[in-house]
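Colleague: predicted structure and sequence below. I'll ask about it afterward.
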Amino acid sequence: MNETYGLRINGRDEQVREAWLGESLLYVLRERLGLPGSKNACEQGECGSCSVFCDGVLVNACCLLAADAVDAEVTTVEGLGAGSTPVQRAFLDEGAVQCGFCTPGLVMAVTDLLQRTSDPSETELREAISGNLCRCTGYGRIFAAVRAAQQGDAQ
Amino acid sequence: MTIARPRTVADALDALGALPGAQLLAGGTDLMVEINFGRRSPDDIVALRRVAELGAFEVGEEVVLGAGVTYSVLEHDLADELPALAAAARTVGSPQIRNAGTVGGNVGTASPAGDTLPVLAALDAAVTLAGPEGDRTLPLDAFITGPKRTAIRPGELIRDVRFRRPRGPQLFLKVGPRNAMVISVACCAVVVDADRRRVGIGLGSVGPRPLRATAAEDALAPLVDWDALRADRDAIQRAAALSAEAAEPITDHRATADYRRHCVGVLVERALTRGLEP
């Protein structure tokens, strides 16, 4: 039996209509609410491409039951700003994007890191993005983008 | 499908009574994967994320960890008090997974590779189950009955995991293909308990459920200098060899049984060396 329920995404109230209650938040974002920024790769919490904030906590949307998020504040990459945050600008400026598939998740993870720690060590940075798989860049440009974003924040 | 979203343990038990056979959902890092891949399609779910009392913990003479305590809380908030459990938590998945996954979920899923399980075994932890007839407490060893099998009964949920807080070094070591996002090939926990003059040795991913290397513990205890908290190299190597013998590993796509047994010997020797500086 399908049901209708409400979610709060990026500060807006959204209705999920006639949906199976077993759907993940990732599926609902992409297939029902027209928010494809969170990417679907592994659906098992391995790749980090669907990272979102749920009540301010960084989680994988594929591992969150959408119908259990009805009273949570969800922020997706679309809610960060259209390429305008220091992290997003730094990813563009430093060429930290190749195919781009992992980029939304990495932007979310790096945003989370810099919110928690203004001056992360190399080890903290590597650990913070250890759950975000990128198969193109080799991560070097991504590390450079994080450093640039930090400096951008400081200015 | 019906989803119950209780806010108290009492309401969660009522929901379990009203929805017989309902699946419990905590952090979602196990169950959602099964649902996403169509391996499981529960009729009903009792979602526990909102039950605030399950997220609480107390660290006194006794440590009580609510079932909803996340790996992130273990890693960040309890690293000084519970170093081995924090170290184990830090090796689970990614930050995203650790923000969601819970200690109750690790115990309830009872995967042979559950990283907190050898630590809880070495700590002599007990599991408190809340049920329609009240609470009952089982030693972890009695609760986990096999791979992904537990003694939980219909209508029950895991309320907390508890153990006496030992005085002495606590270590966790794990072997996997890399340091993040990996399932254990083998792992071990060493808990030095200066008050009871015992060294708990827990083994993970090398048997159908978490194991205690009791022969190694029995051999080691009388050889420890309990005032200095030291043991000599021979005693440590003997305990490591006995631990490797205690393992019950299998060969699978992650590693061979021989390699796993070898890992146990290396890891236990390393952990004991760090904990009991020969």
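Modeller: Right, received. Where do you want to start?

Colleague: relative to A:R8, how far out is A:E14?
Modeller: 7 Å (C-beta to C-beta, to the nearest Å). For the C-beta atoms, the positions are set from N, CA and C on the backbone; glycine is no exception.

Colleague: tell me which of these two has more neighbours.
Modeller: A:E14 (18 against 15; other C-beta atoms under 10 Å in any protein chain shown).

Colleague: next SSE after the helix or strand the more buried one falls within?
Modeller: Applying DSSP states H and E as the criterion places A:E14 in strand A:12-19. Per DSSP H and E, the first helix or strand lying C-terminal to strand A:12-19 is helix A:25-27.

Colleague: pLDDT of the helix or strand just after that following helix, averaged?
Modeller: Counting by DSSP H and E, the next helix or strand C-terminal to helix A:25-27 is strand A:51-54. Confidence over strand A:51-54, taken as the mean pLDDT, stands at 98.

Colleague: domains in the chain, by residue range?
Modeller: Picked chain A for this. Following automatic domain parsing, one finds the domains of chain A at A:3-78, A:86-154.

Colleague: ah, no, chain B please
Modeller: Here the domain parsing of chain B from automatic domain parsing is B:2-164, B:170-275.

Colleague: please see if the shortest one touches chain A.
Modeller: In other words, domain B:170-275. Yes. Domain B:170-275 comes into contact with chain A (C-beta under 8 Å from any C-beta of the partner chain), by way of B:179-181.

Colleague: and those residues, which is closest to B:G104?
Modeller: Ranked by distance to B:G104 (C-beta to C-beta), those are led by B:M181 at 22.0 Å.

Colleague: ok, now which ones touch that closest one?
Modeller: A:46, A:130-131, B:93-94 (C-beta atoms under 8 Å, 6 or more residues apart in numbering or on different chains).

Colleague: B:L65 too?
Modeller: B:57, B:74, B:103, B:160-162.

Colleague: could you redo the last one with a cut-off of 6 Å?
Modeller: Counting by C-beta atoms under 6 Å, 6 or more residues apart in numbering or on different chains, B:L65 touches B:57, B:103, B:160-161.

Colleague: residue of the stretch 151-278 of chain B closest to chain A, please.
Modeller: Closest residue of the stretch 151-278 of chain B to chain A, C-beta to the nearest C-beta: B:A180 (3.5 Å).

Colleague: which neighbouring elements make contact with the helix or strand of chain A with the lowest mean pLDDT?
Modeller: Least confident element among the helices and strands of chain A, by mean pLDDT, DSSP states H and E: helix A:140-154 (a mean of 87). Counting contacts by 3 or more C-beta pairs under 6 Å, 6 or more residues apart in numbering or on different chains; DSSP states H and E, helix A:140-154 packs against helix A:86-93.

Colleague: tell me the angle the next helix or strand after the helix it packs on makes with helix A:140-154.
Modeller: Note on helix A:86-93: by DSSP H and E, the next helix or strand toward the C-terminus is helix A:103-116. Interaxial angle, helix A:103-116 versus helix A:140-154 (axes from the mean of the first three to the mean of the last three C-alpha atoms, to 10 degrees): 40 degrees.

Colleague: tell me the buried residues in helix A:103-116?
Modeller: A:103-114 (16 or more other C-beta atoms under 10 Å in any protein chain shown).

Colleague: nearest to A:V146 among these?
Modeller: After measuring those against A:V146 - C-beta to C-beta - the closest member comes out as A:V110, at 5.5 Å.

Colleague: looking at the contacts of B:L65, which are in strands?
Modeller: B:57, B:160-161 (DSSP state E).

Colleague: is the closest residue to B:V9 other than its chain neighbours in a helix, a strand, or coil?
Modeller: Spatial nearest neighbour of B:V9, excluding adjacent residues (C-beta to C-beta, 6 or more residues apart in numbering or on different chains): B:A130 at 5.3 Å. Here B:A130 is recorded as strand under DSSP: H, G, I helix; E, B strand; the rest coil.

Colleague: tell me the confidence at B:A130?
Modeller: The model reports B:A130 with a pLDDT of 98.

Colleague: do I have it right that it meets B:R159?
Modeller: Yes. Counting by C-beta atoms under 6 Å, B:A130 touches B:R159, with 4.2 Å between them.

Colleague: more neighbours: the two, which one.
Modeller: B:R159 (25 against 21).

Colleague: get me the contact residues on chain A for chain B.
Modeller: Residues of chain A lying near chain B by C-beta under 6 Å from any C-beta of the partner chain: A:21-22, A:24, A:43-45, A:48, A:51, A:57-60, A:63-65, A:67-68, A:130-131.

Colleague: would you show me how to pick out the buried ones of these in ChimeraX?
Modeller: Here is the ChimeraX selection string for the buried members of the residues of chain A next to chain B, based on 16+ other C-beta under 10 Å:
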select /A:21,22,24,43,44,45,48,51,58,59,60,63,64,65,67,68,130,131
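
Colleague: sorry, back to before: the residue nearest to B:V9 and chain A: what is the separation?
Modeller: 20 Å (C-beta to the nearest C-beta, to the nearest Å).

Colleague: looking at strand pairing, list the partners for that residue.
Modeller: Per DSSP bridges, the residues bridged to B:A130 are B:D135, B:L157.

Colleague: before we move on, the earlier item: wait, the residue of the stretch 151-278 of chain B closest to chain A sits on A:A128?
Modeller: No. Contact criterion C-beta under 6 Å: B:A180 and A:A128 do not qualify, at 10.4 Å.

Colleague: out of the two, which sits in the busier spot?
Modeller: Each of B:A180 and A:A128 has its neighbours counted (other C-beta under 10 Å); A:A128 has more, 22 against 16.

Colleague: which of the residues of domain B:170-275 next to chain A fall in strands?
Modeller: Applying DSSP E to those, no entry is found in strands.

Colleague: any idea how far B:P20 is from B:T214?
Modeller: Going from B:T214 to B:P20 by C-beta to C-beta gives 39 Å.

Colleague: would you mind telling me which of the two has more residues around it?
Modeller: For B:T214 versus B:P20, the count of surrounding residues by other C-beta under 10 Å is larger for B:T214: 13 against 10.
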